[in-house]
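Colleague: Make a model of this:
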Amino acid sequence: MDATEPVESTLLICPLETLDSSPHHLSSPISLAASKTLRHLRIVLVSPLFEAPSEGSSRGVSHTERWDGVQRLLTYVYVQATKVAQELGRVLMDIDVLLYAESEIVPAFIGTDARYIFRVSQSGKKDGLQNIPTSIADRSADTIWVEPSSYHAPSHSTTDPHPTTTPLHPTESGLPAFFPVTALGGTFDHLHAGHKILLSMAAWITSTKLIVGVTDDALLKNKANKHVLEPLSRREERTRAFLTLFKPSVEYDIVPIVDVYGPTAWDPNIQALVVSKETLSGAAAIEKHRREKDLSSLKTFVIDVISSTEANLDAEDSEALKKTKMSSTFIREWIVEQQKKGIKVE
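Modeller: Next up is the predicted model:
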């Protein structure tokens with residue numbers, strides 16, 4: 001396989017049995033798939049732990065209760081793939097991580113553009129997944145079986161057996177499995193892994209509608225390298241496309257915003273808010289504003305593993321995160337540098 005030339009698009013399909021720790025066993029499959037991809041890598045994770053709860057059934061897990069495990073999982077997978085892409089100079093590689101329950105059929109179109117399909121074997125045994133469509137499963141000539149990584153936690157691991165939660169992270173019991181209407185906001189310029197973690201987690205806990213506020217062009221005049229900023233229409237388009245791919249059952253209301261509040265300033269139907277640690281102050285401002293307007297308080301969920309200093313990452317994960325730049329500022333700087341060298345960036 002090492003002699004195989006990289007191709008435009010690939011697909012990696014991995015079974016997953018636990019959310020209790022980072023999936024270090026997937027490091028080799030992710031790294032190999034990313035190294036053989038030039039433009040677009042889709043990673044499909046299949047697990048019974050993604051089963052949505054339903055009335056009259058004992059199967060399914062609460063998506064709000066699984067918040068920490070799923071965001072840790074997404075962060076690990078995105079970081080591993082992004083790190084390889086950046087090391088190879090493929091900063092604009094498009095990486096999508098998708099979650100499917102074992103009872104769900106993976107859509108056939110997921111593999112349509114993939115030249116190679118990577119799947120995970122264990123001691124020569126195939127993954128045994130039953131929900132893979134025949135259009136993917138029958139492509140034996142294009143399928144590459146990869147052994148999982150061996151992993152031993154380093155003795156200097158910083159993992160805390162009782163990780164703390166951020167102040168605005170809901171910790172009370174009795175939260176609903178989903179919230180009907182959730183909101184989040186951001187610039188979403190040159191949509192990257194950090195954005196996709198944020199968007200994925202918001203969709204993960206939402207059952208009906210997700211409102212996404214996208215910063216209007218007028219507020220971005222002071223951004224560094226603003227001449228390579230994507231226009232609002234492009235940022236909205238890419239945000240909607242990713243969310244529809246990740247969870248097509250939810251309605252997405254993508255709206256331009258000119259302040260920190262957006263629709264949270266007036267919409268009484270919003271129940272939950274998703275923010276990053278960097279935007280916690282905005283969450284506090286929203287809470288204050290809604291209280292003044294006699295609007296209901298929002299349950300705030302915080303993406304708190306994107307920072308490499310977090311206690312719920314072990315030392316190896318933290319080091320990988322430090323070396324991986326998941327920011328629009330970095331991407332714009334890279335584009336400008338390529339342009340200075342006379343390299344066309346698409």
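
Colleague: what's the burial count for D189?
Modeller: Here the number of neighbours of D189 (other C-beta atoms under 10 Å) works out to 25. Placement of C-beta: from N, CA and C, glycine included.

Colleague: any idea which element it lies in?
Modeller: If you go by DSSP states H and E, D189 is not part of any helix or strand.

Colleague: Now do the contacts for it.
Modeller: For D189, the contact set (C-beta atoms under 8 Å, 6 or more residues apart in numbering) comprises L220, K223, L229, E230, R235, S328, I331, R332.

Colleague: Nearest to A101, out of those residues: which one, please.
Modeller: Lowest distance from A101 to the contacts of D189 (C-beta to C-beta) belongs to R235, with 30.3 Å.

Colleague: what pLDDT does the closest one get?
Modeller: R235 is assigned 97 on the pLDDT scale.

Colleague: you'd agree it is in a helix?
Modeller: Yes: the assignment for R235 is a helix, going by DSSP: H, G, I helix; E, B strand; the rest coil.

Colleague: All the strands of the stretch 151-300 of the chain, in order from the start?
Modeller: Applying DSSP state E, counting those that start in this stretch to the stretch 151-300 of the chain gives strands spanning 179-186, 206-215, 251-257, 272-276, 299-303.

Colleague: what lines up beside the first one in the sheet?
Modeller: Here the strand partners of strand 179-186, with direction, are listed using DSSP bridges: strand 206-215 (parallel), strand 272-276 (parallel).

Colleague: just these: most buried one?
Modeller: strand 272-276 (a mean of 25; mean count of other C-beta atoms under 10 Å).

Colleague: I'd like the mean pLDDT over that strand, please.
Modeller: For strand 272-276, mean pLDDT rounds to 95.

Colleague: can you tell me how far the closest residue to V91 other than its chain neighbours sits from P256?
Modeller: By the measure of C-beta to C-beta, 6 or more residues apart in numbering, the closest residue to V91 outside its immediate chain neighbours is W334, 4.8 Å from it. Going from W334 to P256 by C-beta to C-beta, to the nearest Å gives 26 Å.

Colleague: Settle it for me: which of these two has more neighbours?
Modeller: W334 (19 against 16).

Colleague: Now do the SS call for the more buried one.
Modeller: helix.

Colleague: where does the protein dip in pLDDT?
Modeller: 1-3, 55-59, 123, 151-173, 305-323 (pLDDT under 70).

Colleague: domain assignment for it?
Modeller: Listed by automatic domain parsing, the domain ranges of the chain are 7-159, 179-303.

Colleague: where do the helices sit along the stretch 151-300 of the chain?
Modeller: Assigned by DSSP state H, counting those that start in this stretch, the stretch 151-300 of the chain shows helices spanning 193-204, 232-246, 280-292.

Colleague: which strands and helices sit next to the longest one?
Modeller: Using 3 or more C-beta pairs under 8 Å, 6 or more residues apart in numbering; DSSP states H and E as the contact test, the elements touching helix 232-246 are strand 94-101, helix 193-204, strand 206-215, strand 251-257.

Colleague: gap between the most centrally placed residue in the chain and P29?
Modeller: The residue lying closest to the centre of the chain (C-alpha atoms, centre = their mean) is I197, at 2.7 Å. I197 sits 20 Å away from P29, going by C-beta to C-beta.

Colleague: What of W67?
Modeller: Counting by C-beta to C-beta, the separation of W67 from P29 is 25 Å.

Colleague: between those two, who's got more neighbours?
Modeller: P29 (25 against 22).

Colleague: ok, S31 touching V79?
Modeller: No: between S31 and V79 there is no contact under C-beta atoms under 8 Å: 11.2 Å.

Colleague: just to revisit the earlier point, which one of the domains of the chain lies closest to K340?
Modeller: Set against K340 and scored by C-beta to C-beta, the domains of the chain come closest in domain 179-303, at 11.4 Å.

Colleague: if we can go back for a sec, just put the strands paired with strand 179-186 in a markdown table and tack on distance to R119.
Modeller: Conversion of the strands paired with strand 179-186 to a markdown table gives the following (distance: least, C-beta to C-beta, whole Å):
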| stretch | distance to R119 |
| --- | --- |
| strand 206-215 | 30 |
| strand 272-276 | 32 |
